[in-house]
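In: structure of the sequence below:
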Amino acid sequence: DSAEASPSVVFENTETCNPKCLQILLENISGLTIDADFTVELIPEINVAVATFIKNIDTKEFVEKCSQHKRVKEFNMTARLLESTQSIKAENLPESISSDYLTVYFESARNGGGPVADVQLFPEASSAIITFCDHKGSS
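Out: The predicted structure is shown next:
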């Protein structure tokens, strides 16, 4: 079952912990090294950070450790596995991009894709939402 666990962990309520502090905290809890073993992406608009493990670890066990960790509790943060999704957002797209091109691109096995159910273009934001038929295509 653990083999199916997401390699990414979502940390919520990160506003009281600055980015460098969060990185060090995650290194302390995991015993791993930022950049070499995992990356952290901050999403300040919603006070969330996502740690993605490059090194294969038991993320369920890591989430459990975080939930019980004194400092995580002091910062009032929560940790959970990033759930699989059927949709992704593509950003910084060229103006000339078509939904057909995006469909073919994201269906390419070489690009790690899978069957695409829908593409919504947002030209004013230079972005698109791509929805897959099966969540495995969005990993």
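In: now the helices for this structure?
Out: Along the chain, counting by DSSP state H, helices occupy 19-30, 59-68, 70-74, 99-107.
In: make TSV out of those helices and add distance to residue 38 and mean pLDDT.
Out: In short, each C-beta sits where N, CA and C put it, glycine included. Output for those, formatted as TSV (distance: least, C-beta to C-beta, whole Å; pLDDT from 0 to 100):
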stretch	distance to residue 38	mean pLDDT
helix 19-30	7	96
helix 59-68	10	96
helix 70-74	16	96
helix 99-107	26	94
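In: save the ones you listed as a markdown table, and put in mean neighbour count too.
Out: Output for the helices of the chain, formatted as a markdown table (neighbours: other C-beta atoms under 10 Å):
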| stretch | mean neighbour count |
| --- | --- |
| helix 19-30 | 16 |
| helix 59-68 | 16 |
| helix 70-74 | 13 |
| helix 99-107 | 15 |
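In: CSV for these, including distance to residue 44?
Out: Output for these, formatted as CSV (distance: least, C-beta to C-beta, whole Å):
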stretch, distance to residue 44
helix 19-30, 9
helix 59-68, 20
helix 70-74, 19
helix 99-107, 27
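In: out of those, flag the one nearest residue 5.
Out: Each of the helices of the chain has some distance to residue 5 by C-beta to C-beta; the shortest is helix 59-68, at 4.8 Å.
In: bridged to residue 130, which residues?
Out: Listed by DSSP bridges, the beta-bridge partners for residue 130 are residue 88, residue 119.
In: looking at stretch 123-139 now, give me its mean pLDDT.
Out: Mean per-residue pLDDT for stretch 123-139: 76.
In: same question for stretch 110-120.
Out: 87.
In: what are the buried residues along that stretch?
Out: Neighbour-count burial for stretch 110-120, with 16 or more other C-beta atoms under 10 Å as criterion, is recorded at 113, 114, 116, 119.
In: going by distance to residue 105, which of those residues wins?
Out: Nearest to residue 105 among these, with distances taken as C-beta to C-beta, is residue 113, at 7.2 Å.
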